[in-house]
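this one's sequence-less:
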């Protein structure tokens, strides 16, 4: 199983459309004080409401980070449009079976956020996402917002069994909200719970029941992101320090640290960036050298003796995990990594310092086993380059103790630099 995983990961790396820095596109910001800033805005291809906006006046200007509360609106030229609003959001909306409440409940709270504008006119339509649930906000002139979201809950049948019930009575809510507009009520009765279905109801009101008002503006076509995921990657290299101590306490001597020196490593990495570009699935393949030592036993006449075996080998490592990115000014980022490592040693050179046999099986030549705790990494990214430090706890076949497999008695620490290659998959011209 480990070998299949090790050799399947190159497919992720070799098909990577490699990229460079973040994607900036022309647009404008309206600040909370009313000032309008024209320039370039980083496109995060958001699904959830943006948590920050990165803006620069020109491609040569340093970028600056802005919080949503500092803004009134964010608009990409010929692209998506976001407006900062205080909106009623039903936090009880849920569709995952494991989290469904028993009985229909609502928990409407007012959240201030950058919501995406889909329609703007006598009646408007906004969209935002909270914990994976899309929330649609409709408002006509002089009326409060109508919040609509998909919602399911558990109810008990007459036979005592529990079943999943649909709590999204959006058609009834729309008919009540547009009760004085027959065209909108008719559209609501046949509308599916989709962006297009809800937009048709709102447009029916705008066209039939507000004919003297200016026509509504639509961003429905621009609201579809060019892409949700983006794959990028490149080269990685650095130093790997392995601290492995083998041996048993019952033996007359304990082997010293068997590697305990920095050794170079090099390889490939890839990030599969999620919407918002603040999280990524991370993969890496690398090659390095290592040395190890082991006690082996053999029977001589009626006694059992041990001998020390030294071996050096190549180490092929594969890592798979998650990365979280935190924005910094001037297009820089902090990153936090959590990953698991699989490895395979090959091409060993074996010697014995005590004169015993030197033939060892592949299992005896193992590098070690990562503990159940994932590796932890911290990094700093600027443009194409990423500097990182990470560490992984390890155990091996000679480790002792009740928690040796969970915590590990050995460790590996790495310091590396990565360089991203190729074009940007998020670019509109890609």
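Sure thing, it's come through. Just so we're clear, the structure is a prediction, and the values are computed from it rather than from any experiment.

Burial check on residue 134, number of neighbours?
Neighbourhood size, residue 134 [other C-beta atoms under 10 Å]: 16. The way it works is simple: take the backbone N, C-alpha and C, and place the C-beta from them, glycine included.

residue ranges of the strands in the stretch 301-430 of the chain, please?
Secondary structure of the stretch 301-430 of the chain, counting by DSSP state E, counting those that start in this stretch: strands at 303-328, 332-352, 369-370, 375-382, 385-395, 410-420.

Need those strands in CSV (columns: mean pLDDT, distance to residue 146 and mean neighbour count).
Shown next, in CSV, are the strands of the stretch 301-430 of the chain (pLDDT from 0 to 100; distance: least, C-beta to C-beta, whole Å; neighbours: other C-beta atoms under 10 Å):
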stretch, mean pLDDT, distance to residue 146, mean neighbour count
strand 303-328, 83, 34, 17
strand 332-352, 85, 38, 16
strand 369-370, 79, 52, 19
strand 375-382, 93, 42, 17
strand 385-395, 91, 45, 19
strand 410-420, 92, 45, 19
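
between those strands, which gets nearest to residue 282?
Closest to residue 282 of the strands of the stretch 301-430 of the chain, according to C-beta to C-beta: strand 303-328, at 4.6 Å.

among the strands of the stretch 301-430 of the chain, which is nearest residue 268?
Across the strands of the stretch 301-430 of the chain, closest to residue 268 is strand 410-420 (C-beta to C-beta), at 9.5 Å.

What angle do strand 303-328 and that closest one make with each other?
Compare the direction of strand 410-420 with that of strand 303-328 by axes from the mean of the first three to the mean of the last three C-alpha atoms, to 10 degrees and you get 40 degrees.

what's next to strand 410-420, contact-wise?
Here strand 410-420 makes contact (C-beta atoms under 8 Å, 6 or more residues apart in numbering) with 18-20, 232-245, 265, 269, 368, 384-396, 399.

and the strands of the stretch 301-430 of the chain as a markdown table, adding distance to residue 76?
Output for the strands of the stretch 301-430 of the chain, formatted as a markdown table (distance: least, C-beta to C-beta, whole Å):
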| stretch | distance to residue 76 |
| --- | --- |
| strand 303-328 | 18 |
| strand 332-352 | 21 |
| strand 369-370 | 43 |
| strand 375-382 | 24 |
| strand 385-395 | 27 |
| strand 410-420 | 24 |
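
From what I see, residue 214 and residue 206 are in contact.
No - between residue 214 and residue 206 there is no contact, the gap being 9.6 Å when judged by C-beta atoms under 8 Å.

Can you list the low-confidence ranges for the stretch 201-350 of the chain?
225-226, 245-256, 294-307 (pLDDT under 70).

change it to 80
Scanning the stretch 201-350 of the chain for pLDDT under 80 picks out the ranges 211-213, 224-228, 244-259, 276, 292-311, 329-331, 348-350.
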